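Visitor: sequence first, then the predicted structure, then my questions.
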Amino acid sequence: MTRRLTRRALGAALAAAGVSCVCLTCVYAVTVSQPELLVRLEGDYLRVSAPRLDFLNGKALERLKDGGSVAFIAQLTITSSPDSAVPDARSVARFALSYDIWDEKFAVTRIGDKPESRRSVSHLSLQATENWCLDNLAIDGAQVSPDKQFYVQLDLRTEDPRDQLGIVGDPGISIARLIEVFSRPVKSAQPHWFLNNGPFRMADLRKGSRG
């Protein structure tokens, strides 16, 4: 029977083979590498994707397959430096998910601050659902100077049910309330993902989109 090596057992095996502990660190660095945030320009809008980001899993996925509903809140920001807390531009949204147990497919509704920003889609696979959510966060490129360097940050969280009452209203979500939620530290048991990338320049992205 094949056994799964523990870190200690793997280290002992590598030491016996004359391999330094530095290599052991490298092995684990590759295994737990941070998902990559990819940035692109489509027309006038900046969008992101994260092929290795797997956020629809664990308790959220179990809840959906048990017939419940799950919501994620997301914020995409552009900042002038990688550690800046004050964005130059942002896009926020709430994604409400459900699951058809007969079809074994997902449905998503994106809610923005205006009625016309509401979008819905159904009959999606798990991967397509994750992709659709990220693809429906977009920032108008006109808000960014074409020659100024900037960084892109994605903050994605499972919605805390206690925050829902203040976020969801008529005609859509409260942008002010959602921004306030993102300004607070993540709760200890709240699944969340934070990715960033940069620097970029809009002029370079425009050249790449035409290429």
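Guide: Looks like it came in fine.

Visitor: what does stretch 126-140 rub up against?
Guide: Here stretch 126-140 makes contact (CB atoms under 8 Å, 6 or more residues apart in numbering) with 42, 44-50, 53-56, 61, 72, 74, 76, 78, 89-91, 93, 95, 97, 106, 108, 110, 119, 121, 124, 154. Placement of C-beta: from N, CA and C, glycine included.

Visitor: show me what the longest strand seen in the chain is packed up against.
Guide: The longest strand of the chain (DSSP state E) is strand 89-100. In terms of contact count using 3 or more CB pairs under 8 Å, 6 or more residues apart in numbering; DSSP states H and E, strand 89-100 is assigned the packing partners helix 58-65, strand 70-79, strand 105-111, strand 138-140, helix 175-183.

Visitor: rewinding a little: show me which of the contacts of stretch 126-140 are buried.
Guide: Among the contacts of stretch 126-140, the ones that count as buried by 16 or more other CB atoms under 10 Å are 46-48, 50, 53, 55-56, 61, 72, 74, 76, 78, 89-91, 93, 95, 97, 106, 108, 110, 124, 154.

Visitor: sorry, back to before: who does the longest strand of the chain pair up with?
Guide: Its sheet considered, strand 89-100 pairs with strand 70-79 (antiparallel), strand 105-111 (antiparallel) by DSSP bridges.

Visitor: need those in CSV (columns: mean pLDDT).
Guide: Putting the strands paired with strand 89-100 into CSV (pLDDT from 0 to 100) gives the following:
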stretch, mean pLDDT
strand 70-79, 90
strand 105-111, 92
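
Visitor: okay, those in TSV with distance to residue 144 next?
Guide: Written out in TSV, the entries for those read as follows (distance: least, CB to CB, whole Å):
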stretch	distance to residue 144
strand 70-79	6
strand 105-111	23
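
Visitor: lowest average confidence, helix or strand, in the protein?
Guide: The helix or strand of the chain with the lowest confidence, counting by mean pLDDT, DSSP states H and E, is helix 21-31 at a mean of 32.

Visitor: what helix or strand is the most centrally placed residue in the chain located in?
Guide: Ranked by distance to the mean C-alpha position of the chain (CA atoms, centre = their mean), the top residue is residue 156 at 4.6 Å. Taking DSSP states H and E as the definition, one finds residue 156 inside strand 150-158.

Visitor: other SSEs contacting that strand?
Guide: Taking 3+ CB pairs under 8 Å, 6+ apart as the contact definition, the neighbouring helices and strands of strand 150-158 are strand 45-49, strand 70-79, strand 192-200.

Visitor: how does this structure divide up, domain by domain?
Guide: Annotated domains of the chain cover 1-33, 35-210 [automatic domain parsing].

Visitor: what is the burial count for residue 204?
Guide: By the other CB atoms under 10 Å criterion, the neighbourhood of residue 204 contains 14 residues.
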